[in-house]
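# 3D model of this:
(chains A, B, C, D, E and F, ligands or ions: 3)
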Amino acid sequence: MTNKIWLRAGLPALIAATIAAVPALAEGPTIDKGDTAWMITATVLVLVMTVPGLALFYGGLVRSKNMLSTLMQVFYAVAMTVLIWVIYGYSLTFTGGSDFIGGFSKAFLSGIAPDSPGGTFSVGVAIPELVFVMFQATFAAITAALLLGSIVERTKFSAIALFIPLWLTFVYFPIAHMVWYWAGPDAIDAAAKALEAADAAGKAAAQTKLDEALADAGYLFKAGAIDFAGGTVVHINSGIAGLVGALLVGKRLGYGKELMPPHSLTMTYIGAMLLWFGWFGFNAGSNLEAAGSAVVAFINTFVATAAAGLSWMFAEWIVKGKPSLLGAVSGVVAGLVAVTPASGFAGAMGAIVLGLIAGVVCFFFCTTVKNAIGYDDALDVFGVHCIGGIVGALGTGILVNPMLGGTGVFDYTIAKVGEYSFSTQMTAQVTAVVVTLLWSGIGSAILYKIVDILVGLRAKPEEEREGLDINDHGERAYS
Amino acid sequence: MTNKIWLRAGLPALIAATIAAVPALAEGPTIDKGDTAWMITATVLVLVMTVPGLALFYGGLVRSKNMLSTLMQVFYAVAMTVLIWVIYGYSLTFTGGSDFIGGFSKAFLSGIAPDSPGGTFSVGVAIPELVFVMFQATFAAITAALLLGSIVERTKFSAIALFIPLWLTFVYFPIAHMVWYWAGPDAIDAAAKALEAADAAGKAAAQTKLDEALADAGYLFKAGAIDFAGGTVVHINSGIAGLVGALLVGKRLGYGKELMPPHSLTMTYIGAMLLWFGWFGFNAGSNLEAAGSAVVAFINTFVATAAAGLSWMFAEWIVKGKPSLLGAVSGVVAGLVAVTPASGFAGAMGAIVLGLIAGVVCFFFCTTVKNAIGYDDALDVFGVHCIGGIVGALGTGILVNPMLGGTGVFDYTIAKVGEYSFSTQMTAQVTAVVVTLLWSGIGSAILYKIVDILVGLRAKPEEEREGLDINDHGERAYS
Amino acid sequence: MTNKIWLRAGLPALIAATIAAVPALAEGPTIDKGDTAWMITATVLVLVMTVPGLALFYGGLVRSKNMLSTLMQVFYAVAMTVLIWVIYGYSLTFTGGSDFIGGFSKAFLSGIAPDSPGGTFSVGVAIPELVFVMFQATFAAITAALLLGSIVERTKFSAIALFIPLWLTFVYFPIAHMVWYWAGPDAIDAAAKALEAADAAGKAAAQTKLDEALADAGYLFKAGAIDFAGGTVVHINSGIAGLVGALLVGKRLGYGKELMPPHSLTMTYIGAMLLWFGWFGFNAGSNLEAAGSAVVAFINTFVATAAAGLSWMFAEWIVKGKPSLLGAVSGVVAGLVAVTPASGFAGAMGAIVLGLIAGVVCFFFCTTVKNAIGYDDALDVFGVHCIGGIVGALGTGILVNPMLGGTGVFDYTIAKVGEYSFSTQMTAQVTAVVVTLLWSGIGSAILYKIVDILVGLRAKPEEEREGLDINDHGERAYS
Amino acid sequence: MKIVMAIIKPFKLEEVRDALTGIGVHGLTVTEVKGYGRQKGHTEIYRGAEYAVNFLPKLKVEVAVPSDIVKKVIAAVTGAAKTGQIGDGKIFVYPIEHAVRIRTGETDADAL
Amino acid sequence: MKIVMAIIKPFKLEEVRDALTGIGVHGLTVTEVKGYGRQKGHTEIYRGAEYAVNFLPKLKVEVAVPSDIVKKVIAAVTGAAKTGQIGDGKIFVYPIEHAVRIRTGETDADAL
Amino acid sequence: MKIVMAIIKPFKLEEVRDALTGIGVHGLTVTEVKGYGRQKGHTEIYRGAEYAVNFLPKLKVEVAVPSDIVKKVIAAVTGAAKTGQIGDGKIFVYPIEHAVRIRTGETDADAL
Ligand SMILES: Nc1ncnc2c1ncn2[C@@H]1O[C@H](COP(=O)(O)OP(=O)(O)O)[C@@H](O)[C@H]1O
Ligand SMILES: Nc1ncnc2c1ncn2[C@@H]1O[C@H](COP(=O)(O)OP(=O)(O)O)[C@@H](O)[C@H]1O
Ligand SMILES: Nc1ncnc2c1ncn2[C@@H]1O[C@H](COP(=O)(O)OP(=O)(O)O)[C@@H](O)[C@H]1O
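Ligands and ions are numbered 1, 2, ... in the order given. Take a look at the predicted model:
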């Protein structure tokens, strides 16, 4: 196999290292309190972006009779994910094993002490592994919550309670492992240095060692796909799972006939802005240290989002005659989705272009295309997250190009940014998109069917009419 | 007296120190910008968890005619506390003096410069004392605000305006001093080292010095009670004060007869999620540095909360037939309360167990027990905070045990984790619980009576009927 | 010209340096990850204080038929500002050129790499310039959003869409450049050191160099005006622009006759508390590092705000008979505004006094004075931001006095705090206030007129009656 | 048949409902209304703006009943809704010519 | 002229409106009401507190029509609003003596 | 006695109230309603979904008055509520047989 390795971390680790002035000590990586402070902050930002952020963004769009059920489903997804994650999810995702799934060696977080260092994308720089565990937990949580948007207002809570754990186990953990698991910078750097140092005799052995280190990674990671903060793992994944759900659960009663206006765009606005707020933790936090590409991801998360919000708004203004708030905030989310995989790789101007495109494409998709096809993806999880995620995944392959202001991709085996090749990179990106669409699409379909057989997916018609809040939860949102 | 000292800081300071790679310089403790960054962030997180967090959690549960009065009371408690705190509260709480209350040497923050170092729980590690001052201010503020939940919808604003400052002065400051005041790690470490170094001649004198250093602490601190982030000081304290208030102010008109559904569970949900969000500052911030047990507290605040939210939800599902959103978010708060004292001491799996128990116990208490007794603790301050706090305080004594994945308790006099003794630790914990219940229960009762005599506690019946918003504040929440 | 230079940074840089234990390396300023972590956090705090913070504070105060239009206008101001800022705003504001406006050398952020260091207020301490770019972007954004409060409920969206970019370009960028642009500490420190070191022969040349360094700054900066976080640039600027707008757009239909109660004070409360929350990033972040006066600004932002909230509340209680929630939160904003310029300079007790005064003055202005004059500044942008900003700007000149617990003003040419002179300082402060009032007042008036000619400022009467949500955006906030 | 329409204070609804079921009336329709009359409202203050609010929240209760029990119904409502303070409300009675139960098509007396 | 006042299930509004326009009735007024009757409500639980909610959301539709088409209107509303389940609602008809169109001052038949 | 029921545009309430007090009518009850008629509504767009909203917010004002002043009341309401544009609303008058003031038990004329 190649001894090149393409890495999610956009910025050359050495630059990061010098910026941060963190010496790589002989006795292993050190932990800088600035990184720990940032990563704790980033993690709680991702939590708040989901609850209440995403919950409100979704909840505001449903009718008031289903408000609580929507909020509840999102909360449940988060809480259940957090528990499953620390029990076995983290282990399945972030330990070696096969190219497709990890093992149980870290189940119950065994062996992870408060001071265990976890690798970053810079050689010699570590953060407490427990922080990385929870940072990643919030990613699994929001992904599980996102897909619910397409099946709200008609799916039974008991069905969702069962579906979430199944979906995480058979769809999310494998995909996250495929895209994000690798041996880490220190292992590869050490092996590469050893190879250099090795004399004629040791060369072969050293080469094997390096190859082993490089082989110890997920399938798509090795394929060279780059996804800084989760375009494939989070957005394409949840987006396609949502579409499949919408098709299997079926349309809401009266869909297309009755008025189903959002019950509170105020809540949707609050939710969208909290999504933006938290997304800085999501993207800039994905660099795992307060340096280098964290700053790149940070600025890109600003500009691409602003650009997409405005492009959707202006597109709507031109096409429909009025610029709507729902359009603007939908654009915000589309932009955040699209910039997610590119955030640590693209330059600011590239990110603006990406945002402008994402806003218009998703607008076109959620209006024209969706109505043409006629499925009931209640909150446009597919149109915004899957489509936006694909725009981002492919855009990343282009914008990472240093010629376009991108950071290029760092090659740890030679300790510098590797050559950019359009064809190579795009092939890898397309592979990642397709594998994710297939795995998640098929996997989700099977799981929905299983749940349907076990507890039934759909609420009774009269319950759906009266609303899920009263029937599933025995409460009303407003009195 | 014993020269052992049990300490709130769970994690061995040396580990913390090495993680943080902060050298203890000869010329006194140093300040790491990572710690300063984290503590400023943690402090604003605790502020936002109170306003708007707690205010919305409470406000959503009242009837719309009392929404503003509820929001206003919480804001008032925060603003008044902040002023009193910097004027004399901090000094009374965090300066030496007696075992029960400090002195006025730091009134008006005199002597505290922008660069004055404040001790942490690690020898040689400091943060700007002014940051510690405000971090602790937010604790006093939320405690004062919490107790109001039991007396909303019927208590006059003028009564609350008077009660808050009295209660802080005679109940909160003493209890916080008893539990949290101590000489700090550097003083004890220095004295201990001096003792070691001392020759036969100096031994006695050195021992006295060490004993003095150890003696310079609050009553419950010396009793060996551990409370990482405020199970006794914040939750048991406000919980019992709330119950006493509910009994003295009396039931709301029509309580038990009329429907009193929450006017907006959406607001309650937002509030609960902001409480979770801010609580990371509350618990992980209580370590005072971005290292060691901050990471432990951080992960425990995730898992215990998720566990408690789900355990209340499932308990309700089984017992009442439906899982409610209010149940789930009540469980969230119960879990946060219970894990608060344990957050820096327990292992993640221990925290999950603690959360599961807290959720079920508080559910049982707020439904069965409360109805059996029949008092009108409007928002269940007692059932969630006092009961949850007791579960947490006792649970901490058990889960700190290294055998159960706990961190053990650090002994500064021997610079390592001390022996764990169940009986010793539990005795200390029970003492803390009992002393807090008595001091706060009796103290609060007296203060309510005084306020009742001076301005009267209860609103006129017709004003209560029409709502406190219009009558106390001349406004309506919604038009 | 004088070779003294008065600086925005309150705290002696050396203290900051020692606190932070950051060595000023020979090879240029270093970046501490703690600073980067803090500044990223501070920036997202300022974003969240605007959206949804300010948007909700404003939105809650309008009638529900104009809720979305208000939220939308604030979002638009933020998104548009972010794009303009990275394209040419940052360059015009923070590059040299004239005393009144910068140049285009950094347009499109050209030349700013992920690792480019940006100066702080401490010699030898830097942060990634890209972080500074976005931190400042959020300041421009909130300023543009603030002024909208005076013209909501009647101004066409198309007019606002056009006005915002014009206003930023011709009013905000110049004023920000005048007040905040300077060569930076390292340049001046180096030049000053060179002058010292210079021998007789080199003296003259060295002196010229130093003078050049000092001359490379904005007009008001050189005038010696101090404005820590934007009293003039943000608040007086938007406040006067708002008043001019209110006068030119005219009163809302039925103003003074019909009831126009806030449609949701709950939203206004949430917004106000998020403003407080985010303002810590605004003020403490303005120190650009997690040290020294960041801590000062941090505590002042707590105490002045609490004091102002209570002083407005009590003033209203005394004068009008009832303490209102709207009064309390209006006081909160007034206090935040007033402490903004003073936050890094005043002592905590000075900040309390400033807050108490600001609360009462703004209360008096928004009630008595406003009604006497009779203009329709819908959300009191002038009464709170302009008046509060003036109170703060002048108060800063007084409270910076070390005799009053202030930090004094650091003089980089002599590397220590300079002499305080009341008359000098107040002259500078008054100059800044007057220049800002004139430039923004006149500039805004011209721009409103231009917009009125091009697209028309005012909505049609029947559209205004029915509400801007339906007519400008084709949506309703609530269903 | 008649419809007895009563304007009452909101918190009196449960008592009125009980009084009616007490006399065998098991159906009614309630509407949230705002009333203006002798009862004076209150003043609301929002910063500089003071409003005298004269419209007070009331409930309108409509009950369709056979003509012969109208007196009993009026008595029941009056008894339950009365507090003796200004603002207790009014009762108006008007005739209806037809009544139909949608579900069954039953008419008049059977429909009530 | 008569006013036909119908209490219906909320989600039936569109169908009722269509049925009425179908028979040439182009004006109506709708009010959100709460109804109490045979249809049993549901129980709501908020922590320890359990409430039996007996008032269910309904819509009141009022249509002023010439006396001669009252039967047709009743038939149209009944047909559209019927689900056959308890709670479908009621129709009440009462006479009006005058009708005026505010805009034009037209009266009676012309005003409808 | 009669009840004069007027459907008006929301922002006209204050003027109508003043007009009524002007002719000595000091009590009325207001209900928020939605009206359907000739006045065309507007279109709302939420992402892909477009809705034609035909029900417009109106206020229903009910005034119980002695029969002899009905004409004056109609004139007052018409005068105050008129804008001349479509959607100004309607006035309907129907008879009431009894009126009772709950507080005092006064009946009929005295109760108004
Ligand atoms: N002439 C009227 N027509 C319709 N409703 C009326 C009339 N007079 C009073 N009401 C209703 O009755 C309510 C109570 O009347 P009010 O005069 O305030 O007290 P009271 O009934 O005790 O005299 C009012 O709020 C209004 O809703
Ligand atoms: N006597 C009545 N007077 C006024 N409204 C009534 C009366 N009886 C029923 N209603 C209205 O009709 C609705 C449906 O009546 P209900 O008895 O529940 O079902 P059904 O009409 O199928 O028998 C009730 O919710 C109530 O609003
Ligand atoms: N036949 C009717 N029955 C009941 N209400 C009606 C009727 N016709 C109109 N309305 C009410 O009057 C309002 C105004 O009527 P519309 O036809 O829109 O304007 P205009 O009264 O100027 O002709 C409608 O919104 C509706 O509430």
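# Could you give the number of residues near the residue in chain A that chain B sits nearest to?
Residue nearest to chain B within chain A: residue A:33 (2.7 Å; CB to the nearest CB). Where you see a C-beta, it was placed from the backbone N, CA and C, and this is true even at glycine. Residue A:33 is flanked by 29 other residues according to other CB atoms under 10 Å in any protein chain shown.
# mind listing what it touches?
Residue A:33 makes contact with B:20, B:22, B:32-35, B:38, B:289-291, C:33-34 under the criterion CB atoms under 8 Å, 6 or more residues apart in numbering or on different chains.
# now, which of those residues sits nearest ligand 3?
Nearest to ligand 3 among those: residue B:38, at 60.0 Å, using CB to the nearest ligand atom.
# That closest one: which element?
helix B:33-48 (DSSP states H and E).
# tell me the angle that helix makes with helix A:33-48.
30 degrees (axes from the mean of the first three to the mean of the last three CA atoms, to 10 degrees).
# and the two most separated of the contacts of residue A:33?
B:289 and C:33 (14.5 Å; CB to CB).
# lowest-confidence helix or strand of chain D?
The helix or strand of chain D with the poorest confidence is strand D:49-53; it has a mean of 91 (mean pLDDT, DSSP states H and E).
# Please see if that strand touches chain C.
Yes: under the criterion of CB under 8 Å from any CB of the partner chain, strand D:49-53 makes contact with chain C via D:49, D:51, D:53.
# ok, stretch A:50-70 near chain C or not?
Yes: contact of stretch A:50-70 with chain C (CB under 8 Å from any CB) involves A:63-64.
# How about that stretch and chain E, any contact?
No: using CB under 8 Å from any CB, we find that stretch A:50-70 stays clear of chain E, coming within 9.4 Å at best.
# In PDB, list the C-alpha atoms belonging to that stretch.
What follows is stretch A:50-70, C-alpha atoms only, in PDB (Å, rounded to 0.1, in the frame of the first residue of the first chain):
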ATOM      1  CA  THR A  50     -28.300  20.200  19.800                       C
ATOM      2  CA  VAL A  51     -30.300  20.900  22.900                       C
ATOM      3  CA  PRO A  52     -31.900  23.300  22.800                       C
ATOM      4  CA  GLY A  53     -30.600  24.500  19.500                       C
ATOM      5  CA  LEU A  54     -31.600  21.900  17.000                       C
ATOM      6  CA  ALA A  55     -34.700  21.000  19.100                       C
ATOM      7  CA  LEU A  56     -36.000  24.500  18.800                       C
ATOM      8  CA  PHE A  57     -35.100  24.800  15.200                       C
ATOM      9  CA  TYR A  58     -37.200  21.700  14.600                       C
ATOM     10  CA  GLY A  59     -39.800  22.400  17.200                       C
ATOM     11  CA  GLY A  60     -40.700  25.800  15.800                       C
ATOM     12  CA  LEU A  61     -41.500  24.300  12.500                       C
ATOM     13  CA  VAL A  62     -44.000  21.800  13.600                       C
ATOM     14  CA  ARG A  63     -47.600  22.500  14.700                       C
ATOM     15  CA  SER A  64     -48.000  23.300  18.400                       C
ATOM     16  CA  LYS A  65     -49.700  20.000  19.000                       C
ATOM     17  CA  ASN A  66     -46.500  18.200  18.200                       C
ATOM     18  CA  MET A  67     -44.000  20.600  19.800                       C
ATOM     19  CA  LEU A  68     -43.200  18.600  22.900                       C
ATOM     20  CA  SER A  69     -42.900  15.400  21.000                       C
ATOM     21  CA  THR A  70     -40.300  17.000  18.700                       C
END
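# Next, the distance between the ends of stretch D:96-106.
15 Å (CA to CA, to the nearest Å).
# circling back: identify the neighbouring strands of the least confident helix or strand of chain D in the sheet and state each direction.
Partners of strand D:49-53 in the sheet, by DSSP bridges, are strand D:42-46 (antiparallel).
# what does the partner strand rub up against?
Identification of contacts with strand D:42-46 by CB under 8 Å, 6+ apart yields B:470-471, B:474-476, C:61, C:261-262, C:316, C:320, C:322, C:324, C:326, D:50-53.
# Pull out the buried members of these.
B:470-471, B:474-476, C:61, C:261-262, C:316, C:320, C:322, C:324, C:326, D:51, D:53 (16 or more other CB atoms under 10 Å in any protein chain shown).
# could you pull out the strands for chain D?
Assigned strands in chain D, in chain order: D:2-8, D:28-36, D:42-46, D:49-53, D:56-65, D:90-95, D:98-101 (criterion: DSSP state E).
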